[in-house]
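Need coordinates for the following:
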Amino acid sequence: MLKQWAAGLADTEQQSAFDWNEADCTATIARIMAFLNARAVYEINNSTQNRIAKDEAKVEAIRAMRDFANTSIRFNKKMKDEDKLVYGIRPADTKLTTHAPPTSQPSTEVLLTLNHYQHRVNALSHGVRATSKPADAYGVRYAWQIGGGKPASGADLPKTQFSRKTSYTVIFTEADKGKTVYYATCYENSKGQTGPWSPVTEAIIA
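The predicted structure is shown next:
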């Protein structure tokens, strides 16, 4: 690939066709050749000094090639995709990525904390009861309601909070002591689309 780069950048026809700056081509070729020469020397005598010289030349060559690719190849409208592939630059993916809503349904677990006016709510992977998120989940939507009748679905709970974590702490006040709190959780993708809600569960504020 390095020799291919050097030959391509030295081709005056390509320089003209792709509107490449001759000085930039020459400078990049010099970095590439410096590395190839340093590597050849190291293969003959693999001393520490030659290894250091080779590694330093490699870093400079990679930096020069990256700079040239970003300024003269990657966004060059005069170059076709097949022209860029010669230099290792793959065409941009124009296919839109779809984000379907999560299909996984969590189970909701509510635990009392050392602080009596807090509940720790866990979203558990259904079936395995683990706090790891499934592959189709970006985070968890927590929902709850203090007092009142038990809602039929998590979608009916008025208070919500999103978190990337599968555990969330809900904090109450002393005035809430003795009240029933209803909870549910669901997974969300990165676009905020929700999956199926867990069954509604309840806990008492101790």
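
quick one: Met1 from Ser167, how far?
48 Å (Cβ to Cβ, to the nearest Å). From N, CA and C alone the C-beta is placed, and that goes for glycine too.

for the longest helix along the chain, packing partners?
For the chain, the longest helix by residue count, based on DSSP state H, is helix 22-44. Here helix 22-44 touches helix 2-10, helix 48-68, going by 3 or more Cβ pairs under 8 Å, 6 or more residues apart in numbering; DSSP states H and E.

who's more crowded, Met1 and Ser167?
When neighbours are counted by other Cβ atoms under 10 Å, Met1 and Ser167 differ, and Ser167 comes out ahead with 15 against 10.

Can you name the residues bridging to the more buried one?
Counting by DSSP bridges, Ser167 forms beta bridges with Asn122.

wait, it sits on Val121?
Yes: with contact defined as Cβ atoms under 8 Å, Ser167 and Val121 form a contacting pair (7.0 Å).

Give me the neighbour count for Lys133.
If you count neighbours by other Cβ under 10 Å, Lys133 ends up with 19.

domain ranges for this protein?
2-85, 106-204 (automatic domain parsing).

chain center to the longest one: distance?
By that I understand domain 106-204. Mean-position distance between domain 106-204 and its chain equals 26 Å (Cα atoms, centre = their mean, to the nearest Å).

Now the terminal residues of it, how far apart.
The first and final residues of domain 106-204 sit 21 Å from each other (Cα to Cα, to the nearest Å).

thinking again about what came up before, list the buried residues for the longest helix of the chain?
If you call a residue buried by 16 or more other Cβ atoms under 10 Å, then helix 22-44 has these buried ones: 24-25, 28-29, 31-32, 34-36, 38-39, 41-42.
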